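1. got a sequence here, can you build the structure:
(chains A and B)
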Amino acid sequence: DVKVTQSSRYLVKRTGEKVFLECVQDMDHENMFWYRQDPGLGLRLIYFSYDVKMKEKGDIPEGYSVSREKKERFSLILESASTNQTSMYLCASYPTGRETQYFGPGTRLLVL
Amino acid sequence: GENVEQHPSTLSVQEGDSAVIKCTYSDSASNYFPWYKQELGKRPQLIIDIRSNVGEKKDQRIAVTLNKTAKHFSLHITETQPEDSAVYFCAASIGDNTGKLIFGQGTTLQVKP
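-> Here you go, the predicted structure:
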């Protein structure tokens, strides 16, 4: 059974803070994604990675960066958190050759 | 850019009735169309998917239809039950073999007992 975990379910940060969101998958998947979920907007892709140390921008990368030093871990970094980054953040992964994305439980981030 | 439009945004049905959610996509190269269900406070989970070489797929009470010419696909749930209440997302693959998905805006389905 695929397991995708995220470091926190809920997070409260102050404007200007640097925020790290961690995602870990235990199925040796090459591909990992970070989305944000907002009501009425669905899931929007922030960044994705096809392999270790590889990263590509999604549709809304501004204000975010990512790190993939190990295959199982994909980190999303908010360099200087702002109130408009208050959202639900979802991580997903899938193996090359398949297309089904498996999601983590999400991190609900509140920036004050 | 590419997009997926999903309708309706909310849907309320009586238990036992059918529910239909519709999506249209813009990328003519899209060839994979999954549907995800997200229950309150939980992660999205794949419930059914369809590829472009198939027009219809069914799994018990749920079915998906695809019209490639019209760039339109739909989710059909028959004999709805209260546990079907959730947010449903459609998605379409972007380009050819990129692995990327673009998601619809979501439909909140409420099944009244």
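
2. for the rest of this, base every contact and every neighbour count on C-alpha atoms.
-> Fine.

3. how about the one residue in chain B that gets nearest to chain A: what's its closest non-neighbour residue?
-> Taking Cα to the nearest Cα, chain A has its nearest neighbour within chain B at residue B:105, 3.9 Å off. Among residues not flanking residue B:105 along the chain, residue A:42 sits closest, at 3.9 Å (Cα to Cα, 6 or more residues apart in numbering or on different chains).

4. for that neighbour, give its distance to residue A:8.
-> Applying Cα to Cα, to the nearest Å, the value for residue A:42 to residue A:8 is 21 Å.

5. beta partners of the residue nearest to residue B:105?
-> Note on residue A:42: beta-bridge partners by DSSP bridges are residue A:38.

6. could you verify my assumption that it touches residue B:106?
-> Yes - when contacts are counted by Cα atoms under 8 Å, residue A:42 is listed as touching residue B:106 (5.5 Å).

7. the two - which one has more neighbours?
-> residue B:106 (29 against 23; other Cα atoms under 10 Å in any protein chain shown).

8. ok, that one to residue A:43 distance?
-> In this view, residue B:106 and residue A:43 are 9 Å apart by Cα to Cα.

9. how about residue A:91?
-> The gap separating residue A:91 from residue A:43 is 11 Å, by Cα to Cα.

10. check residue A:57 too.
-> 15 Å.

11. who has more neighbours, those two?
-> Per other Cα under 10 Å, whichever of residue A:57 and residue A:43 has more neighbours is residue A:43, with 23 against 15.

12. in contact with that one, which residues?
-> Contacts for residue A:43 (Cα atoms under 8 Å, 6 or more residues apart in numbering or on different chains) come out as A:35-37, B:102-105.

13. next one: residue B:50
-> B:32-34, B:56-57, B:64, B:66.

14. swap in 6 Å and give it another go.
-> Listed by Cα atoms under 6 Å, 6 or more residues apart in numbering or on different chains, the contact set of residue B:50 reads residue B:33.

15. would you say it is within a strand?
-> Yes - counting by DSSP: H, G, I helix; E, B strand; the rest coil, residue B:50 falls inside a strand.

16. look up the pLDDT of the spatially most central residue of chain A for me, please.
-> Centroid-nearest residue in chain A: residue A:34, 3.0 Å away (criterion: Cα atoms, centre = their mean). With respect to pLDDT, residue A:34 scores 98.

17. and the residue lying closest to it once chain neighbours are set aside, what helix or strand is that in?
-> Once flanking residues are discounted, residue A:34 sits nearest to residue A:91: 4.7 Å by Cα to Cα, 6+ apart. Element membership of residue A:91, judged by DSSP states H and E, is strand A:87-94.

18. what average pLDDT does that strand get?
-> On average, strand A:87-94 scores 96.

19. check stretch B:63-75 too.
-> On average, stretch B:63-75 scores 96.

20. backbone dihedrals for the closest residue to residue A:16 other than its chain neighbours, please?
-> Nearest-residue entry for residue A:16: residue A:80, 4.4 Å, with adjacent residues in sequence omitted and distances by Cα to Cα, 6+ apart. Here the main-chain torsion angles of residue A:80 (degrees, to the nearest 10) amount to phi -150, psi 100.

21. does residue A:80 touch residue A:19 like I think?
-> No - assessed by Cα atoms under 6 Å, residue A:80 is found out of contact with residue A:19, at 7.4 Å.

22. done for today, thanks.
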